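Student: Give me a model of this one.
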Amino acid sequence: MTLLDAQQFDPAKEKRRKIRIAAVIVGVLLLAAFAFAYRNWPEEHVVDKFFTALQKQDYETAYGIYFHDPEWRQHPQKYPQYTYADFYRDWGPGGEWGLIKSHRIYVSAGTKSFGSGTFGNAGGTVVEVIVNHRAEHARMFVQKSDKTLTVYPF
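Tutor: Numbering: from 1, shown residues only. Sure, this is the predicted structure:
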């Protein structure tokens, strides 16, 4: 094939090609935006389940979610640092938040590390929750590795 034998330029085919390339680029950008917007969804879901259990006054289930151990009743001695009685005192009707009637996830932010000691250097997510329409928000830290909860102290 020589230059004189080349195929005729087809503007419609070139336009379709450009449209396909643009559609792929837009699709990739939308997928990236969606992934970024929902990057903390698993941790937000855990916190939502926790507050839903508290709202239903199912404190035993909430305690299991707190430690990511639904079978905690089989081995309560595994959690001597924060017993169920302490948990009920903190999160029950007489706790800081009172009887929880409503909650809504407000915002979440990932952290690379959370100090040292109890939390180690593993990353996690801080999830801020509006409880009972109060101006002060509850802040929960969710460990990414095992989905355990802790009250965020800052």
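
Student: Check which helices and strands the longest helix along the chain is in contact with.
Tutor: When the chain is scanned for its longest helix (criterion: DSSP state H), the result is helix 11-37. Using 3 or more C-beta pairs under 8 Å, 6 or more residues apart in numbering; DSSP states H and E as the contact criterion, no helix or strand is in contact with helix 11-37. Quick note: C-beta positions are derived from backbone N, CA and C, even for glycine.

Student: Could you list the low-pLDDT ranges of the protein?
Tutor: For the chain, residues meeting the criterion pLDDT under 70 lie at 1-4, 113-122.

Student: Strands of that one, start to end?
Tutor: 103-111, 124-131, 138-143, 149-151 (DSSP state E).

Student: what about those strands, which gets the closest to I65?
Tutor: strand 149-151 (7.0 Å; C-beta to C-beta).

Student: Centre of the chain to the closest one, how far?
Tutor: 13 Å (C-alpha atoms, centre = their mean, to the nearest Å).

Student: Can you pull out the residues in contact with it?
Tutor: 46-47, 50, 65-68, 118-119, 138-143 (C-beta atoms under 8 Å, 6 or more residues apart in numbering).

Student: My guess is E60 contacts F87. True?
Tutor: No. Using C-beta atoms under 8 Å, E60 makes no contact with F87, being 9.4 Å away.
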